[in-house]
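Peer 1: after the sequence you'll find the predicted model.
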Amino acid sequence: MTFDWNDLRYFLAVARAGRLTAAAKVIGSDHATVSRRVGALEKQLGAQLFERSPRGYALTGAGERLLRHSEQIESVAAKVHDDIAGELYALSGSVRIGAPDGFGAFFLAPRLADYARDNPDLEVQLVATPRIFSLSKREADIAITLSRPEKGRLISRKLTDYTLHLYGAPEYLNAHPVTDTETLDQHLLIGYIPELIYTPELDYLSLVMGDHVPQLSSTNLFAQMRAVAAGKGLGILPDFMAHHSPELIPVLPEQIEIRRSFWLVAHQDLRDSARVRTTMRFIADQVGAARAEFLPDTPRPDHK
């Protein structure tokens, strides 16, 4: 049997995108070529890899098995390329970092700008959005997560713990004093959209108020912080962000404190890559130098 290994690239693109047009865009081809290459692969293997429907392409049982093998081949191919091209030993090429929006955009982005300037042959990409990144699918080379991954061929290390407190703006607190936790349900609370929380570590309000649903909610942490700073209500925010906004005042800090963790994660196949290894070390060093921002002794200096 003649097997064209290159057809696996088209198979992987369709398996991940679920549609020919989307897969063609990812791979830099056209949908007719993608369809033809996938069809050729099915003929070579003597198996149907996808169930076709108006909703798109869904993997069959044979397709699921081939996906596991294909991802292993993809990882080996990437490692071979890095080794032969010298990328294992040089800071060149690209490195993509996936991170939650607050940590990525607020803390990491300005520091990565300095890192990119100091390494002109390295293309640094930051995907700062609240979601789970699949490192096996190469959605990112490095990910910052809120929990330690329990499965997969991944390497991880704890970056830091960090604290969060309930915050409000003087404008709101002067008009709506907060006396105790029992009366919080009388206030306009700002938080995440409950059914769109992508990881349980972000479900802060349930720890404080049970099943209470925030009146104003957003998937974006910056939107929440802006609404709180504008005096529209109360919200639970990370101290490493809130401390930089003088208009934010901690509310009942002795009664309400939440602690979470950031983890630094990469795929095991990239552990020897200089661009990945050095970038991970840079991130860890930056977090270590800013430890007091993530774990302040007090929520904030006295604002009275």
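Peer 2: Noted; the coordinates are in hand.

Peer 1: drop to CA atoms for contacts and neighbour counts, all remaining ones
Peer 2: OK.

Peer 1: and the strands in this protein?
Peer 2: 50-53, 56-59, 93-99, 122-128, 142-145, 154-168, 189-191, 216-217, 234-238, 249-250, 258-267 (DSSP state E).

Peer 1: quick check: bridge partners of the residue nearest to the spatial centre of the chain?
Peer 2: When Cα atoms, centre = their mean is applied to the chain, the residue found nearest the centroid is A99 (3.7 Å). Legend: beta-bridge partners of A99 under DSSP bridges are A128.

Peer 1: tell me who's in contact with it.
Peer 2: L126, V127, A128, T129, P130, A143, I144, T145 (Cα atoms under 8 Å, 6 or more residues apart in numbering).

Peer 1: any idea how far the nearest residue in space to I132 that is not next to it in sequence is from P130?
Peer 2: Spatial nearest neighbour of I132, excluding adjacent residues (Cα to Cα, 6 or more residues apart in numbering): Y198 at 7.3 Å. Here Y198 is placed at a distance of 7 Å from P130 (Cα to Cα, to the nearest Å).

Peer 1: neighbour count winner among the two?
Peer 2: The residue with more neighbours, out of Y198 and P130, is P130; 21 against 15, by other Cα atoms under 10 Å.

Peer 1: quick one on the thing from earlier: of the strands of the chain, give the one that comes closest to A77.
Peer 2: Closest to A77 of the strands of the chain, according to Cα to Cα: strand 258-267, at 14.1 Å.

Peer 1: who's in contact with that closest one?
Peer 2: For strand 258-267, using Cα under 8 Å, 6+ apart, the contacting residues are 135-136, 141-148, 153-165, 201, 204, 280, 284.

Peer 1: what pairs with that strand, and is each one parallel or antiparallel?
Peer 2: Applying DSSP bridges, one finds strand 258-267 paired with strand 142-145 (antiparallel), strand 154-168 (antiparallel).

Peer 1: please identify the deepest-packed of these.
Peer 2: With neighbours taken as mean count of other Cα atoms under 10 Å, the strands paired with strand 258-267 reach their highest mean count in strand 142-145, at a mean of 26.

Peer 1: quick check: mean pLDDT across that one?
Peer 2: The average of the pLDDT scores along strand 142-145 is 95.

Peer 1: list the contacts of that strand.
Peer 2: 95-100, 132-133, 135, 262-267, 276, 280.

Peer 1: mind exporting that strand as CSV, just the C-alpha atoms?
Peer 2: The C-alpha coordinates for strand 142-145 follow below in CSV (Å, rounded to 0.1, in the frame of the first residue of the first chain):
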residue,chain,number,x,y,z
ILE,A,142,2.7,27.5,26.4
ALA,A,143,-0.4,27.9,28.5
ILE,A,144,-1.2,29.7,31.7
THR,A,145,-3.9,27.8,33.5
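
Peer 1: tell me which helix or strand of this structure sits lowest on mean pLDDT?
Peer 2: Within the chain, no helix or strand scores below helix 61-85, which has a mean of 79 by mean pLDDT, DSSP states H and E.

Peer 1: hmm, I27 is touching A13, no?
Peer 2: Yes. The criterion here is Cα atoms under 8 Å, and I27 meets it with A13 at 6.8 Å.

Peer 1: okay, those two: which has more neighbours?
Peer 2: In terms of neighbours (other Cα under 10 Å), A13 is the more surrounded of I27 and A13; the figures are 20 against 14.

Peer 1: just give me the neighbour total for the nearest residue to the more buried one once chain neighbours are set aside.
Peer 2: Leaving out its chain neighbours, the residue that sits closest to A13 by Cα to Cα, 6+ apart is A23, at 4.9 Å. Burial measure for A23: 24 neighbouring residues, criterion other Cα under 10 Å.
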